[in-house]
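Trainee: Using only what follows, build the 3D model:
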Amino acid sequence: MHIDPCITSQRLKRDIALAVFFISSLAFGVADLLLYRNSSWTSTSWILNAIVGIIAIVSWCRYDSQVQGFVMNGTLRLIIWLLAAVGVPMYVVKSRGWRRAARVGFGIPAFVLSVALYYAGWYSSFWLAGKMGYFQS
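Mentor: As a prediction, this is how the structure comes out:
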């Protein structure tokens, strides 16, 4: 049995990217809780989360377009930057066509898992910080 090294490399890159994505989701949950009492962090947190989310989405689209052999035009790239909820589905349909785009369903479970990891980090840190007296005045 011959395994194509190019496919193995792509899978390894995808697995590493997913691991970093999930670990960062967990880390953001912990950081949000531990920095919660810092009033400047709460406003910065929303901005930082938005920036990191946009960078992650655009990076995925760029990486995926290289794997798919699809050249993104400037308009599509701008739509992805400005409005990811519309831009990413547009990108997936344009790069794959309707049938292959319909099979991409992996993104929804990955998103749900990342949100679950965020809250798992937040609540476990809340419990641990409470036991250690972090919230005591």
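
Trainee: neighbours around residue 77, how many?
Mentor: 16 (other Cβ atoms under 10 Å). Where C-beta positions appear, they are placed from N, C-alpha and C, glycine not excepted.

Trainee: List the buried residues for the helix or strand encompassing residue 61?
Mentor: Using DSSP states H and E, residue 61 maps to helix 39-68. Neighbour counts using 16 or more other Cβ atoms under 10 Å place 45, 56, 57, 58, 60, 61, 64, 65 of helix 39-68 among the buried residues.

Trainee: surely the third one meets residue 88?
Mentor: Yes. The pair formed by residue 57 and residue 88 meets the contact definition of Cβ atoms under 8 Å, at 6.2 Å.

Trainee: shared neighbours of the two, anything?
Mentor: Both residue 57 and residue 88 are contacted by residue 80, under the criterion Cβ atoms under 8 Å, 6 or more residues apart in numbering.

Trainee: about what we covered before: among the buried residues of helix 39-68, which one sits closest to residue 9?
Mentor: Among these, residue 64 lies closest to residue 9 (Cβ to Cβ), at 15.0 Å.
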